[in-house]
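Novice: give me the fold of what follows.
(one chain, ligands or ions: 2)
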Amino acid sequence: MNTCSKCGNQQIIIQKKHSGQNLCQECFIESINEKVLKDTRKYKLLEKGDKVLMALSGGKDSVVALHILNSLREKNIIDIVAVTIDEGIKGYREEGIEIAKANTRTLGIKHRVVSFKEYFGRTLDEMRGQDDTRQDDTRQDDTRRQGDTEPRHACTYCGVFRRWILNRVAQEEGATKIATGHNLDDETQSILMNYLEGNINNLIRIGPKSESRDERFTVKIKPLREIPEKEIGLYAIAADLNVHLAGCPYAGESFRREIGEFIKELSRDHPTIMYSTLRGFDKIKPILKKELTPKGNTGECRRCGEPSAGELCKACSFLEGWE
Ligand code: SF4
Ligand code: ZN
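Specialist: Numbering: from 1, shown residues only. Ligands and ions are numbered 1, 2, ... in the order given. Model (predicted):
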C-alpha cells in the first residue's frame, strides 16, 4: 500500500509521477507552501518591505498565490493589496469578482475592482464586437484570424489592456511588485508559443521575475511558476479554498489553448516534460540574452504617458484604431 513519503500516513492524495513522491493532504499542502516560498527566496522575488499588488482573478492560481503570499504578510515581511480586473466578459467575470472579494475579506486584505470600461471606455465584449463589424468589411482577408498574435483574438486585447491596467494600478497604489498566478503550465506554454512563432524578443523576457530596464514598469513576479496547474487545483481543494472554477468563454479561441493541449498530451507519457522545458529554457536564456538586446520602451506614449517603444503604446494604438 502507498503511504505518504513524508509522514507515513496511509491516506495519500497525490502520487507525483515526476518525482515518485506520495503525499497525504497535510504534507502536500506543506510541500507546496515550502516550494513556493523557497522559489521566492531563490529567485529573489520579494524583499522585506515590498508592497505587492496581487493580480487576483478569483481563479485557483491567483487565489492560491494570494493565500501563500499572505503567510509573508502575516509575518510583516511584505504588504499586499489585491486587484481584480473586470474585463467585461458577460456571464463569466461576475462570479470571479465575488470570489476574489470573499477571499480578501477573509484575509483582511485591501481589494480593488477595476474595469476595462472605466479605464478604456469599453468592455472586452464590446472590443470584440467592434472587431467583428470591421471583419465584415474585410472578409476576404480571413487569414487574419489565425495565430494568437493577431489582434483579432479577445486574448490579445485582454492581455494588452490588462498589463496596462496592472501597471497603472501598481503606480496608483505605490506597489513595488506585481504578483501573478502564472503556473508551470502557463510558463511552458509561453516558452513553446514564442519559440514556435519565432518571437525571440518575447521569449527572452520569460522568467520568474520581469527584467524590465524601465523603472516606470513595476517588476512582475510569478511565485507559482514551478507548480503544475493540476497541483494548484488540488491545493485549492485540499486547503478548502474558495475559487472560481469556470473557464473564460474566449479561452477556446487561442493558440495558447492548442499548445496547452499538446503539452498535456505529451505529459501523459512524459511526466517531466514541463519541468525539462522550463529548465532547458532557463539555461539557454542567458546565452540568448547575450546575443540579443531586447527592444526597450525608451519613449513615452503620447496618449497615456506609459512607457512605449513607439509613439503610441499597444493599448492606445488599439484604442485609436477604434475611434
Ligand atoms: Fe482574457 Fe483570454 Fe484569459 Fe479570457 S482567456 S480572461 S479573454 S486572456
Ligand atoms: Zn498609451
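
Novice: where does the chain have low pLDDT?
Specialist: Applying pLDDT under 70 to the chain flags the ranges 131-152, 212-213, 253, 294-297.

Novice: need the residues of the chain near ligand 2, please.
Specialist: 301, 303, 304, 306, 313, 316 (CB under 5 Å from the ion). For the C-beta atoms, the positions are set from N, CA and C on the backbone; glycine is no exception.

Novice: mind running it again at 8 Å?
Specialist: The chain has residues 164, 301-306, 308, 312-317, 319 near ligand 2, with proximity defined as CB under 8 Å from the ion.

Novice: buried among the residues you listed? Make that a PyMOL selection.
Specialist: Only the buried members of the residues of the chain next to ligand 2 enter the following PyMOL selection, criterion being 16 or more other CB atoms under 10 Å:
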select buried, resi 164+301+304+306+308+312+313+314+315+316+317+319
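
Novice: and the residues of the chain next to ligand 2, which is closest to residue 26?
Specialist: residue 164 (41.4 Å; CB to CB).

Novice: and the closest one, what does it touch?
Specialist: Applying CB atoms under 8 Å, 6 or more residues apart in numbering, we find residue 164 in contact with 119, 304, 306, 313, 314, 315.

Novice: which two from those end up farthest apart in space?
Specialist: It's 119 and 314 that sit farthest apart of those, by CB to CB, at 14.2 Å.

Novice: report the central residue of this protein.
Specialist: Geometric centre of the chain, nearest residue: residue 182, 3.7 Å, by CA atoms, centre = their mean.

Novice: ranges for the helices of the stretch 51-200 of the chain?
Specialist: 60-74, 93-107, 116-120, 124-137, 154-173, 184-196, 200-203 (DSSP state H, counting those that start in this stretch).

Novice: could those helices be laid out in TSV, adding distance to residue 210?
Specialist: Converted to TSV, the helices of the stretch 51-200 of the chain look like this (distance: least, CB to CB, whole Å):
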stretch	distance to residue 210
helix 60-74	16
helix 93-107	23
helix 116-120	21
helix 124-137	23
helix 154-173	10
helix 184-196	13
helix 200-203	12
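
Novice: separation between the residue in the stretch 151-300 of the chain positioned nearest to ligand 2 and ligand 1?
Specialist: Of all residues in the stretch 151-300 of the chain, residue 164 sits closest to ligand 2, at 7.2 Å by CB to the ion. According to CB to the nearest ligand atom, to the nearest Å, residue 164 stands 13 Å off from ligand 1.

Novice: which other helices and strands does the host helix or strand of residue 280 contact?
Specialist: Following DSSP states H and E, one finds residue 280 within helix 273-291. Contacts defined by 3 or more CB pairs under 8 Å, 6 or more residues apart in numbering; DSSP states H and E place helix 273-291 against helix 184-196, helix 255-269.

Novice: what are the buried residues along the first one?
Specialist: This means helix 184-196. For helix 184-196, the neighbour count (16+ other CB under 10 Å) marks 184, 185, 186, 187, 188, 189, 190, 191, 192, 193, 194, 195 as buried.

Novice: swap in stretch 18-34?
Specialist: 21, 22, 23, 24, 25, 27, 28, 29, 31, 32, 33.

Novice: nearest to ligand 1 among those?
Specialist: Ligand 1 has its nearest neighbour among the buried residues of stretch 18-34 in residue 32, at 23.5 Å by CB to the nearest ligand atom.
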